[in-house]
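J.: Turn this into a structure:
(one chain, ligands or ions: 1)
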Amino acid sequence: MGSENLAYALVQMVHNYGAAAVLGGAFFALWPVARLEYGRAFGWLILTAWATQIVSGGLFGLTSLYYYGETPDLSSVATAALAIKAAAAVLGVWLAGFYLLRGPQWREADVKRTFQALAALGAAALTAAAILRWFS
Ligand code: HEM
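T.: Numbers count the residues shown, from 1 in each chain. Modelled structure (predicted):
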């Protein structure tokens with residue numbers, strides 16, 4: 001029981017900080033003033049945070065497999081919420097990576113739109129996380 005709770009708590013801790021960085025990184029690149037001159041630093045933070053969410057989200061599943069021999073039986077609403085989070089994470093990795101590769105040639109308005117899109121993906125994932133938590 002102790003080691004199981006500790007394992008879940010450690011995974012949850014990483015997952016929570018990742019969630020904070022996913023949304024906070026995109027948000028503070030734009031607000032209260034745009035800091036697009038630091039766009040690459042924000043881009044790396046956001047890319048790392050999305051990747052962290054995929055890895056730590058997978059670790060939730062592996063922890064359940066290890067302790068129970070199966071992953072939790074999710075309702076259809078919870079499954080949809082999980083799918084939204086996973087899709088947002090894949091898109092987030094792709095968009096942040098694409099920006100880091102090609103961003104230097106983009107107009108400022110396009111860079112701003114990219115961070116707005118990354119913030120929207122983060123908000124969608126966090127909203128889905130609340131639904132996953134309470135409709136499981
Ligand atoms: C492949 C991607 C992901 C997977 C597999 C995944 C999986 C999970 C799982 C299994 C839980 C525990 C649910 C529960 O306690 O009932 C969880 C919780 C959570 N996830 Fe994710 N997640 C993913 C991506 C994300 C993303 C991208 C975010 C936010 C940006 C996020 C934010 C959260 C938060 C805030 C919680 C805690 C919810 C709560 O207990 O109130 N997750 N996730």
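J.: and the gap between residue 128 and residue 121?
T.: 11 Å (C-beta to C-beta, to the nearest Å). In this view, the C-beta of every residue, glycine as well, is placed from N, C-alpha and C.
J.: more crowded one of those two?
T.: residue 121 (24 against 20; other C-beta atoms under 10 Å).
J.: Which residues are in contact with the more buried one?
T.: By C-beta atoms under 8 Å, 6 or more residues apart in numbering, the contact set of residue 121 is 22, 88, 91-92, 95.
J.: Among those, which one has the most neighbours?
T.: Top of the contacts of residue 121 by neighbour count (other C-beta under 10 Å): residue 22, with 29 neighbours.
J.: Off-centre distance for the helix or strand hosting it?
T.: Using DSSP states H and E, residue 22 sits within helix 2-30. The chain centroid and the centroid of helix 2-30 are separated by 9 Å, computed with C-alpha atoms, centre = their mean, to the nearest Å.
J.: wait, does it contact the ligand?
T.: Yes - Helix 2-30 reaches the ligand (C-beta under 6 Å from any ligand atom) through 15-16, 19, 22.
J.: Give the buried residues for that helix.
T.: Of all the residues in helix 2-30, those buried under the rule 16 or more other C-beta atoms under 10 Å are 7, 11, 15, 18-19, 21-30.
J.: Quick one: residues contacting the spatially most central residue of the chain.
T.: Centroid-nearest residue in the chain: residue 50, 4.1 Å away (criterion: C-alpha atoms, centre = their mean). Neighbour list for residue 50: 18, 22, 89, 92-93, 96 [criterion: C-beta under 8 Å, 6+ apart].
J.: As a markdown table, those with distance to residue 58 and pLDDT would be great.
T.: Listed next are these as a markdown table, based on distance: C-beta to C-beta, whole Å; pLDDT from 0 to 100:
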| residue | distance to residue 58 | pLDDT |
| --- | --- | --- |
| 18 | 12 | 98 |
| 22 | 16 | 98 |
| 89 | 10 | 98 |
| 92 | 15 | 98 |
| 93 | 13 | 98 |
| 96 | 19 | 98 |
